[in-house]
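Student: okay, here's the prediction I keep looking at, along with the sequence it came from:
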Amino acid sequence: MTSSLLSRKFWLPRPLFSLFLALLWLLLVNDFSVAHTLLGLALGVAIPAVTHAFWPEEARIKRPLPLLRYVLVLLVDILRSNLVVALRILRPARHLQPGFFLYPLTLDDDFAITILASTISLTPGTVSLHYDAKAQTLLVHALHLEDEADTIATIRERYEQPLKEIFR
């Protein structure tokens, strides 16, 4: 057997991601039995090992504490946005003003841009649709867009600036 087959990098190229996948599996099946725990761990090991060759580079998180703050802010924003979207849809007179806007990026790290685009899409009421690498913009659709400049400023302050801090 070669030493590369015995190395940790071969079997666990991304240990935290493996743990995340195992926990995600348990949450998705909503069954914390031994069998599902073992299946989740097996998936957590197999998926990164099989897909490792397709990942261009490992994300380099420079500051983990701001990452924790970012996740907490995102979770609060997701909850708040769910309530706002539900109220807007359930009202008899919806008065929605859907719209598209271009979000000018100041991030230069591809992984951080992916996280930002995913964050925008995870927050109910907004979806990132297209990344233009040449123009350094994201095309975003909002369910209710009252003030484009204010929405851009909110995304920059709550998500993009913290991502710069995390990945620089």
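Tutor: Ah, there it is.
Student: any idea how far Ile113 is from Thr154?
Tutor: Taken as CB to CB, to the nearest Å, the spacing of Thr154 relative to Ile113 amounts to 18 Å. (C-beta placed from N, C-alpha, C; glycine too.)
Student: then His141?
Tutor: When CB to CB is applied, the distance between His141 and Ile113 equals 18 Å.
Student: who has more neighbours, those two?
Tutor: Ile113 (20 against 17; other CB atoms under 10 Å).
Student: can you give me the neighbour number for the closest residue to His36 other than its chain neighbours?
Tutor: Closest residue to His36 apart from its sequence neighbours, by CB to CB, 6 or more residues apart in numbering: Val29 at 5.4 Å. Residues within reach of Val29, counting by other CB under 10 Å, total 12.
Student: could you check how far Val29 is from Arg63?
Tutor: Distance of Val29 to Arg63, computed by CB to CB: 34 Å.
Student: likewise for Ala35?
Tutor: From Ala35 to Arg63 the distance is 38 Å (CB to CB).
Student: make sure Trp25 is actually in contact with Gly40.
Tutor: Yes: using CB atoms under 8 Å, Trp25 makes contact with Gly40 at a distance of 3.5 Å.
Student: okay, these two: which has more neighbours?
Tutor: Between Trp25 and Gly40, Gly40 has the larger neighbour count (other CB under 10 Å), namely 23 against 19.
Student: and Ala35 and Arg63? which has more neighbours close in?
Tutor: Of the pair Ala35 and Arg63, Arg63 is the one with more neighbours under other CB under 10 Å, namely 13 against 8.
Student: which residues touch that one?
Tutor: Contacts for Arg63 (CB atoms under 8 Å, 6 or more residues apart in numbering) come out as 165-166.
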